[in-house]
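A.B. asks: next come a sequence and a model predicted from it.
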Amino acid sequence: MIKVAVDAMGGDYAPVEMVAGAVEAVNANKEIRVLLVGQEHLVSKELEKHTYSKDQIQIVNASEVIETEEPPVNAIRKKKDSSIVVGMNLVKQKEADAFVSAGSSGALLVGGQVIVGRIKGVERPPLAPLIPTENGVSLLVDCGANVDARATHLVQFARMGSLYMEHVVGIKNPRVAIVNIGAEEEKGNALVKETFPLLKECKDIHFTGSIEAREIPRGGADVIVCEAFVGNVILKLYEGVGATLISKVKSGMMESLRSKIGALLVKPALKKTLKSFDGSQYGGAPLLGLNGLVVKTHGNSKRLEVKNSILQCVTFKEQGINDKIRESLRIENESMSEKNGQE
């Protein structure tokens, strides 16, 4: 079985939705075992409301909770018995294959690097969520982990994102693009201008050049590379516009008797279309480049997103993404050493 530790105390709707999502995950896949990490009396109370295979869910007691507003570094250091620290230690000690949390993003980023640790050679681990597009999904990397990234960081983001899309999502030779304010190579800020030629030199990725934000929803690239400030703005705007459009469409269809009749006729097709743009069905954002898998879900995650975040850990583990990242870094290091030797 693949063991996934779940932060039962993290998120706006914990522990109710976290526990419900865990139950739905184990009921959907008999090969998953979930370790619910949190205050045992609260988690047990929620589990009593559900039906599930008892050998697939285990409670791991953690008496403390890291709140969103707490300084991440201090919280990780001081709250050793928090659900986030206990859950990450389970991954570090190989007692769990992955850790899923809707809790404090800052604590997850700090804990991921300090407790789980980075893969040797990875400079900065990025958060990489899947976002819906006209043609399917794209990977946005980075969306919140590294606000002040350097060009070499973005190159690693591109490589790790390409591996993820190929082996987890199943897109062969995924198209990689860097977010820019125009398609021309000479455009962009200092970071983009420095990174662009480095990406062009990468032989192990399919780099297609710059991508403007308006091309992202159209599926202009499979891997969208940017530093975290830009990525987080894109992600939040994406979510806000999507939610607003869905709300406006629904209210418009209820305005009159004619619109209500029309709504009944288009409901099946509309429901299918709107579902494809529902980010919750794609799970959470993995923190790529760590020695173990850490997945961050939205703070307002409900059971569907929690369930899918747990299920995506299965594919990640089965495809051995971390091993592929290590191999990619090894090949790149050998190539750099050979190049330096020739010079």
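C.D. replies: Structure's in. What do you need?
A.B. asks: nearest residue to the middle of the protein?
C.D. replies: Nearest to the geometric centre of the chain sits residue 285, at 0.7 Å (C-alpha atoms, centre = their mean).
A.B. asks: what pairs with it across the strands?
C.D. replies: Beta bridges link residue 285 to residue 296, judged by DSSP bridges.
A.B. asks: residues in contact with it?
C.D. replies: The contact partners of residue 285, by C-beta atoms under 8 Å, 6 or more residues apart in numbering, come to 127-129, 143-144, 295-297. The C-beta positions use only the backbone N, C-alpha and C, and glycine is treated the same way.
A.B. asks: hey, where'd the helices end up in the chain?
C.D. replies: 16-28, 40-47, 72-78, 83-92, 105-111, 151-164, 190-201, 228-252, 257-276, 303-319, 321-342 (DSSP state H).
A.B. asks: want to throw those helices into CSV with distance to residue 60?
C.D. replies: Below are the helices of the chain laid out as CSV (distance: least, C-beta to C-beta, whole Å):
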stretch, distance to residue 60
helix 16-28, 12
helix 40-47, 8
helix 72-78, 18
helix 83-92, 6
helix 105-111, 16
helix 151-164, 28
helix 190-201, 41
helix 228-252, 31
helix 257-276, 34
helix 303-319, 15
helix 321-342, 23
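A.B. asks: out of these, deepest packed?
C.D. replies: Comparing the helices of the chain on average neighbours per residue, with mean count of other C-beta atoms under 10 Å, the densest one is helix 83-92 at a mean of 26.
A.B. asks: who are the packing partners of that helix?
C.D. replies: The contact analysis (3 or more C-beta pairs under 8 Å, 6 or more residues apart in numbering; DSSP states H and E) places helix 83-92 against strand 2-7, strand 32-38, strand 57-61, strand 98-101, helix 105-111, strand 293-296.
A.B. asks: helices and strands around the fourth one, which ones?
C.D. replies: Helices and strands touching strand 98-101, by 3+ C-beta pairs under 8 Å, 6+ apart, are strand 2-7, helix 83-92, strand 293-296, helix 303-319.
A.B. asks: which residue packs closest to residue 53, ignoring adjacent ones?
C.D. replies: residue 26 (6.4 Å; C-beta to C-beta, 6 or more residues apart in numbering).
A.B. asks: pretty sure the one you found is touching residue 34, no?
C.D. replies: Yes: contact status for residue 26 versus residue 34: in contact at 5.7 Å, counting by C-beta atoms under 8 Å.
A.B. asks: which residues are in contact with each of the two?
C.D. replies: The contact sets of residue 26 and residue 34 overlap at 56-57 (C-beta under 8 Å, 6+ apart).
A.B. asks: re the thing from before, residue 209 is nearest to which of the helices and strands packed on strand 98-101?
C.D. replies: Taking C-beta to C-beta, helix 303-319 is the member of the helices and strands packed on strand 98-101 nearest to residue 209, at 27.7 Å.
A.B. asks: of the contacts of residue 285, closest to residue 20?
C.D. replies: Closest to residue 20, out of all of those and judged by C-beta to C-beta, is residue 297, at 13.3 Å.
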